[in-house]
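Novice: quick one, fold the following:
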Amino acid sequence: MRLVALRLSCFRNYAHAQISPSPRVNILLGANAQGKTNLLEAIYYLSAFRPLRPVREVDLIQWGAQEMRLAAQYESDGLTDDLQVRLQAQGKRTITLNEQPVARPSALVGRLSVVCFTASDLTIVRGEPADRRRFLDTEISMLSQRYLYSLAHYKRALEQRNNLLRAYLEGTATLESLPEWNAQVVKYGARLFQARRQFLERLNALAETTHHALTQSVERLQLQYLPGLPVRTPLPEKEEDWADALLSALHQSAGEELRRGTTLYGPHRDDFQILVQGYEARLFASQGQQRTCALSLRLSEVALVESIRNEPPIVLLDDVFSDLDPARRRSLVEYLTPRTQTFITCTDLSAFDEATLRDAALFEIQSGTVSRRA
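Specialist: Reported below is the predicted structural model:
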């Protein structure tokens, strides 16, 4: 996967910008608050069709403008596509692929394959279970349309089931439709359980190798899935086994759910542990170790995507060198350089060696303008 050209119009702090990046390393250099992350967000948006940061979609439009436009030309598997997005201030969005209108944006999610690391990824390691569930949902959705579809249907069924339980608790509804919502929660919940387990198993094998490389074989990283079900080992193997386990949990907790007015078991209660040398990184790792864990997860996705799609994704690294010592910085650059097209933001060039700088494309970002430097 390679981004050939990117054009922005009235996106964030960019009135107009255009870049033709290198197929390998691209360094985005500039002081803070100049627009480096915004440029990465433009690439990310063309992959996920949602903002990189937790804001409203219309907030992507430059202040005072009526619309923003993004366009990307990219190569994948020997073919070239032209993707364009137009978002108006009223919220209307138009997407075209090779000049043809796209009716369902969800069908294009992940087509421009991107793995993105930002400072907020530390929340995957040291944040709440909801942060780790968001990581799973975002990354698996980029790889699987079936997962994206099942996630949307599970959320809807769960919301309806919880509404019914609350209404019953308040005395304004009967439980006549509960079996219907149970069936929906179990059907789509089982799909999420199975997909998350498979994703974490594959990611775990890759993350262990990646973390070894980043830490010069000093540390061992492990991922352990904690499904939102009563404790049971071993974990179910098949989707139908997950369905049976979730249905059983719903029946066992029926009385407590009626007293509390909410669904107590399901993928919405999932979590996973990140262990370094057998200890939970959230509690015992240093900030540098936690950042390396987050990096290992993201870089392992590169290998995972490559194994699924037979080509590496584009890698976006925002402020990635903070809290990394020089040895880990070198290991990171060496890991990525021969494999992927990479975009790295930074405020100075001291973290890069001479060979990397010689081969990289260097873009200077200043107040929403981009210029290529020798």
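
Novice: okay, S350: pLDDT?
Specialist: Reading off the confidence values, S350 has pLDDT 83.

Novice: let's verify it: helix, strand, or coil?
Specialist: Assigned state for S350: coil (three-state reduction, DSSP: H, G, I helix; E, B strand; the rest coil).

Novice: against S331, how distant is it?
Specialist: The gap separating S350 from S331 is 17 Å, by Cβ to Cβ, to the nearest Å. The way it works is simple: take the backbone N, C-alpha and C, and place the C-beta from them, glycine included.

Novice: which one's more surrounded, these two?
Specialist: S331 (20 against 9; other Cβ atoms under 10 Å).

Novice: next one: the helix or strand that one falls within to chain centre, how far?
Specialist: According to DSSP states H and E, S331 maps onto helix 326-336. Put simply, helix 326-336 sits 22 Å off its chain's centre (Cα atoms, centre = their mean, to the nearest Å).

Novice: and for stretch 300-316?
Specialist: Worked out by Cα atoms, centre = their mean, stretch 300-316 lies 13 Å from the chain centre.

Novice: where do the helices sit along the stretch 51-200 of the chain?
Specialist: 122-126, 129-143, 145-169, 178-214 (DSSP state H, counting those that start in this stretch).

Novice: give me the mean pLDDT for the very next helix or strand once past the last one.
Specialist: I take that to be helix 178-214. Moving toward the C-terminus from helix 178-214, the next helix or strand (DSSP H and E) is strand 221-226. Across strand 221-226, pLDDT averages out at 96.

Novice: with stretch 12-24 instead?
Specialist: For stretch 12-24, the mean per-residue pLDDT is 95.

Novice: dump the C-alpha coordinates for that stretch into PDB.
Specialist: This file holds the C-alpha atoms of stretch 12-24, laid out as PDB (Å, rounded to 0.1, in the frame of the first residue of the first chain):
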ATOM      1  CA  ARG A  12      -8.400  21.900   9.900                       C
ATOM      2  CA  ASN A  13      -5.800  24.600   9.600                       C
ATOM      3  CA  TYR A  14      -5.000  24.000   6.000                       C
ATOM      4  CA  ALA A  15      -6.600  26.300   3.400                       C
ATOM      5  CA  HIS A  16      -4.900  24.300   0.600                       C
ATOM      6  CA  ALA A  17      -2.100  21.800   0.600                       C
ATOM      7  CA  GLN A  18      -0.700  19.100  -1.600                       C
ATOM      8  CA  ILE A  19       2.100  16.600  -1.100                       C
ATOM      9  CA  SER A  20       3.700  13.800  -3.100                       C
ATOM     10  CA  PRO A  21       5.200  11.600  -0.500                       C
ATOM     11  CA  SER A  22       8.100   9.200  -0.700                       C
ATOM     12  CA  PRO A  23       7.300   5.500  -0.800                       C
ATOM     13  CA  ARG A  24       9.400   5.000   2.300                       C
END
